[in-house]
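> Need coordinates for the below:
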Amino acid sequence: MYPDSLQDLIESFKLLPGIGEKTAERLAFYMLNLEEDKTDFFSDSIKNAKNKLHKCPICSNITDKDICNICAADNRDKKILCVVDDCKSIIMFEKTGSFKGMYHVLDNLISPLDGINPEDIGIEKLVKRIEDSSFEEIIIAVKPSIEGETTSLYIKKILEGLKIKITRIASGIPLGADIEYIDSMTLERALVDRKEIE
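Numbers count the residues shown, from 1 in each chain. Predicted structure coming up:
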């Protein structure tokens with residue numbers, strides 16, 4: 001139906017999450033009407049992201065420098081380490097402006113059904129980093145899921161002998177949410193993490 005080059009462009013957009021046939025077609029036709037300098041910028045941005053971005057050797061965050069901006073910063077609290085399961089979580093924490101410690105990104109969350117075992121999450125790198133540093137608290141901030149819970153408990157068990165305070169971010173019912181729309185796992189977590197009213 002379409003010329004090969006246009007069909008290839010449509011198929012390329014369909015590789016993106018949440019993009020179906022109609023949206024891919026719309027995006028492809030939109031790109032055809034863009035000025036050449038903007039399409040060059042778009043394609044160069046994709047190439048540069050693929051070629052220049054890599055994992056920070058210290059924390060596994062993405063960076064285009066030798067080490068990421070957070071690991072390189074002198075004004076961060078080097079006594080607190082927040083363990084997350086993806087780089088997007090770091091961005092979300094940084095947007096709040098309330099956390100000034102360090103981060104560590106796991107390779108994955110433990111999920112035996114998906115073939116992801118404890119040795120697949122990069123725990124050795126995390127443990128070595130903790131042993132070589134002077135962290136006083138490790139905050140586990142992974143997804144509130146069965147995989148996240150399993151991973152949190154595993155990390156806690158692995159770090160037990162290091163005499164470091166291990167915490168995790170609170171989870172439960174978001175402010176303003178209606179309880180009838182809350183899933184059972186979130187509701188259970190909210191009950192377990194309940195706090196005394198002061």
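> downstream neighbour of the longest helix belonging to the chain in the secondary structure list?
Longest helix in the chain by number of residues (criterion: DSSP state H): helix 36-52. On the C-terminal side of helix 36-52, the closest following helix or strand by DSSP states H and E is strand 54-55.
> Mind listing what's buried along stretch 146-159?
Across stretch 146-159, burial judged by 16 or more other CB atoms under 10 Å covers 147-152, 155, 159. All C-beta atoms are positioned from the backbone trio N, CA, C, and that covers glycine.
> And the contacts of it?
Contact with stretch 146-159 is made by 83, 85, 106, 109-111, 116, 118, 121, 123, 126-127, 130, 138, 140, 142, 166, 168, 185, as judged by CB atoms under 8 Å, 6 or more residues apart in numbering.
> In helices, which of the residues you listed appear?
Using DSSP H, these in helices are 123, 126-127, 130, 185.
> Which single one of those residues is nearest to Asp64?
Comparing the ones in helices among the contacts of stretch 146-159 against Asp64 with CB to CB places Leu126 closest, at 23.3 Å.
> Could you count how many residues lie near the closest one?
Other residues lying near Leu126 total 22 when counted by other CB atoms under 10 Å.
> Tell me how many other residues crowd the closest residue in space to it that isn't next to it in sequence.
The shortest distance from Leu126 to any non-neighbouring residue, by CB to CB, 6 or more residues apart in numbering, is to His104 (5.6 Å). Using other CB under 10 Å, His104 has 22 neighbouring residues.
> just how off-centre is stretch 120-133 within its chain?
Remark: stretch 120-133 is offset 17 Å from the chain centroid, using CA atoms, centre = their mean, to the nearest Å.
> Averaged pLDDT, that stretch. What do you get?
On average, the pLDDT along stretch 120-133 is 95.
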